[in-house]
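Visitor: Sequence and predicted model, in that order:
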Amino acid sequence: MRVTGIQACELFSFDVLRLADLPQTLVVVGPNGAGKTNVLRLLQVAVTGLDRAALFSDEAYRALVRFAASRRVGAVSAEISAVRLG
């Protein structure tokens, strides 16, 4: 499986994040506090969700997304709106 793009709203430190046309190898660089680790966490949540979705019901997948959303302080809602696989 290869993730080629991802969109997320109100998840971790991101209000809106759109990553499109991701290359096979990706290097994330930025200053402290810019969200580099949260990009990795977001990808981990997406991949974990896809793995779980194959094994469990839609409700179990939604529960995973809600759990991930609750990890952000002050999060009201969260949505992984799209994950593109190449």
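Guide: Structure's in. What do you need? Residues are numbered from 1 along each chain as shown.
Visitor: Direction included, what does the helix or strand Gln7 falls within pair up with?
Guide: Taking DSSP states H and E as the criterion, Gln7 maps to strand 3-11. The strands beside strand 3-11 in its sheet (DSSP bridges) come out as strand 14-19 (antiparallel), strand 79-85 (antiparallel).
Visitor: Out of those strands, which gets the lowest mean score?
Guide: Among the strands paired with strand 3-11, strand 79-85 carries the lowest mean pLDDT, at a mean of 53.
Visitor: Which of the residues in the strand holding Gln7 are classified as buried?
Guide: The neighbour-count check on strand 3-11 (16 or more other CB atoms under 10 Å) flags 3, 6-8, 10-11 as buried. For the C-beta atoms, the positions are set from N, CA and C on the backbone; glycine is no exception.
Visitor: Tabulate those (JSON lines), appending distance to Leu19 and pLDDT.
Guide: Listed next are the buried residues of strand 3-11 as JSON lines, based on distance: CB to CB, whole Å; pLDDT from 0 to 100:
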{"residue": "Val3", "distance to Leu19": "9", "pLDDT": "76"}
{"residue": "Ile6", "distance to Leu19": "5", "pLDDT": "80"}
{"residue": "Gln7", "distance to Leu19": "8", "pLDDT": "82"}
{"residue": "Ala8", "distance to Leu19": "9", "pLDDT": "82"}
{"residue": "Glu10", "distance to Leu19": "16", "pLDDT": "82"}
{"residue": "Leu11", "distance to Leu19": "13", "pLDDT": "81"}
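Visitor: Widest-spaced pair of those?
Guide: Spatially, the most separated pair among the buried residues of strand 3-11 is Val3 and Glu10, at 19.9 Å (CB to CB).
Visitor: got the buried residues for stretch 40-55?
Guide: Within stretch 40-55, the residues that count as buried by 16+ other CB under 10 Å are 41-43, 45-46, 49.
Visitor: mean confidence for it?
Guide: pLDDT averaged over stretch 40-55 gives 77.
Visitor: Keeping just the C-alphas, turn it into CSV.
Guide: Below are the C-alpha coordinates for stretch 40-55, written out as CSV (Å, rounded to 0.1, in the frame of the first residue of the first chain):
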residue,chain,number,x,y,z
LEU,A,40,3.5,11.1,11.0
ARG,A,41,0.8,10.6,13.6
LEU,A,42,-1.9,11.5,11.0
LEU,A,43,-0.5,9.0,8.5
GLN,A,44,-0.4,6.4,11.3
VAL,A,45,-4.0,7.0,12.2
ALA,A,46,-5.0,6.8,8.5
VAL,A,47,-3.1,3.6,7.9
THR,A,48,-4.4,2.0,11.1
GLY,A,49,-7.9,3.1,10.2
LEU,A,50,-7.6,1.5,6.8
ASP,A,51,-6.3,-1.7,8.3
ARG,A,52,-9.0,-1.8,10.9
ALA,A,53,-11.7,-1.0,8.4
ALA,A,54,-10.8,-4.1,6.5
LEU,A,55,-11.3,-6.2,9.7
